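**Q** Quick one: sequence plus predicted model below, questions after.
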Amino acid sequence: MFAATIADNAELRPLEPWQAAEFQAHVDKARTNLSPYLPWAVTVVDDRTAREFLQRYAERQAADEGRIYGIWLADELVGGLLFRTFDTDDGSCEIGVWLAGHAEGRGLVTRSAQLLIDWALGVRGLSRVEWRCVPSNTRSIAVARRLGMTHEGTLRQAFPYRGEAHDVQTWSLLRTEWEDRSRE
């Protein structure tokens with residue numbers, strides 16, 4: 001089993017379909033914090049929908065098109081990260097993140113995202129990592145900045161959610177920038 005220590009008493013691990021009940025309980029507990037930004041936080045409502053969501057990522061991982069990981073703090077699932085897109089032909093991926101409110105402010109997302117970036121750019125040889133968020137998600141923007149990403153622009157009304165078209169900021173880190181940071 002793979003596990004990476006990201007802080008005292010905190011680990012990043014794969015999140016798999018057999019963990020559907022734990023994932024669903026986490027979503028229930030963190031729904032208020034997650035649902036303003038994540039459509040799946042509204043649709044994952046029971047074991048079946050949690051398993052279906054995680055199974056889609058298991059299938060995407062098998063096809064080398066995406067992956068999903070959980071963040072455990074003191075053996076409680078408190079958040080996670082995923083490669084929402086992972087395209088080896090184009091050399092790019094997009095990382096998405098979420099975290100329960102009671103786990104914020106510990107650097108768990110930043111450290112976990114750094115591990116995913118290091119793997120995507122350094123091991124898999126991709127050339128670009130993207131990060132997308134709505135402009136009102138200031139915590140997500142702060143993480144993108146801490147990761148050294150560049151704000152490339154805002155896609156206007158590109159995210160239809162809850163009957164409204166939201167703007168989406170696009171941030172990125174290129175392999176050349178990552179390599180330059182690694183040499184510092």
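**A** Here it is on my side, so go on. Quick caveat, the model's predicted, so the values are computed rather than measured.

**Q** How about Ala10: which residues does it bridge to?
**A** Per DSSP bridges, the residues bridged to Ala10 are Ala7, Leu73.

**Q** doesn't Thr110 make contact with it?
**A** No: taking contacts as CB atoms under 8 Å, Ala10 lies outside contact range of Thr110: 12.0 Å. Every C-beta, even on glycine, is put in place using the N, C-alpha and C of the backbone.

**Q** So these two - more neighbours on which side?
**A** Taking neighbours as other CB atoms under 10 Å, Ala10 and Thr110 compare with Ala10 leading, 22 against 16.

**Q** Got the confidence number for that one?
**A** If you check Ala10, the pLDDT there is 97.

**Q** Also the one 5 residues further on?
**A** We note a pLDDT of 98 for Leu15 in this prediction.

**Q** mind checking the SS state of Val109?
**A** Counting by DSSP: H, G, I helix; E, B strand; the rest coil, the backbone at Val109 sits in helix.

**Q** So, low pLDDT: which residues of this structure?
**A** Along the chain, segments meeting pLDDT under 70 span 1, 182-184.

**Q** could you pull out the strands for it?
**A** Taking DSSP state E as the criterion, the chain carries its strands at 4-7, 10-14, 67-73, 76-87, 92-99, 128-133, 150-161, 164-174.

**Q** okay if I get the ones you listed as a markdown table plus distance to Glu52?
**A** Formatted as a markdown table, the strands of the chain follow (distance: least, CB to CB, whole Å):
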| stretch | distance to Glu52 |
| --- | --- |
| strand 4-7 | 27 |
| strand 10-14 | 17 |
| strand 67-73 | 13 |
| strand 76-87 | 15 |
| strand 92-99 | 18 |
| strand 128-133 | 23 |
| strand 150-161 | 20 |
| strand 164-174 | 25 |
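
**Q** Let me know which of those is the nearest to Asp47.
**A** strand 76-87 (14.5 Å; CB to CB).

**Q** Show me what the closest one is packed up against.
**A** helix 20-34, strand 67-73, strand 92-99, helix 108-117 (3 or more CB pairs under 8 Å, 6 or more residues apart in numbering; DSSP states H and E).

**Q** Dump the third one to PDB, restricted to CA.
**A** Taking only C-alpha atoms (Å, rounded to 0.1, in the frame of the first residue of the first chain), the coordinates of strand 92-99 have been written out as PDB:
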ATOM      1  CA  SER A  92      -0.800  18.200 -19.100                       C
ATOM      2  CA  CYS A  93      -3.000  17.500 -16.100                       C
ATOM      3  CA  GLU A  94      -5.300  19.400 -13.700                       C
ATOM      4  CA  ILE A  95      -5.200  19.000 -10.000                       C
ATOM      5  CA  GLY A  96      -8.400  19.400  -7.900                       C
ATOM      6  CA  VAL A  97      -8.400  19.600  -4.100                       C
ATOM      7  CA  TRP A  98     -10.900  19.700  -1.200                       C
ATOM      8  CA  LEU A  99     -10.600  19.800   2.600                       C
END
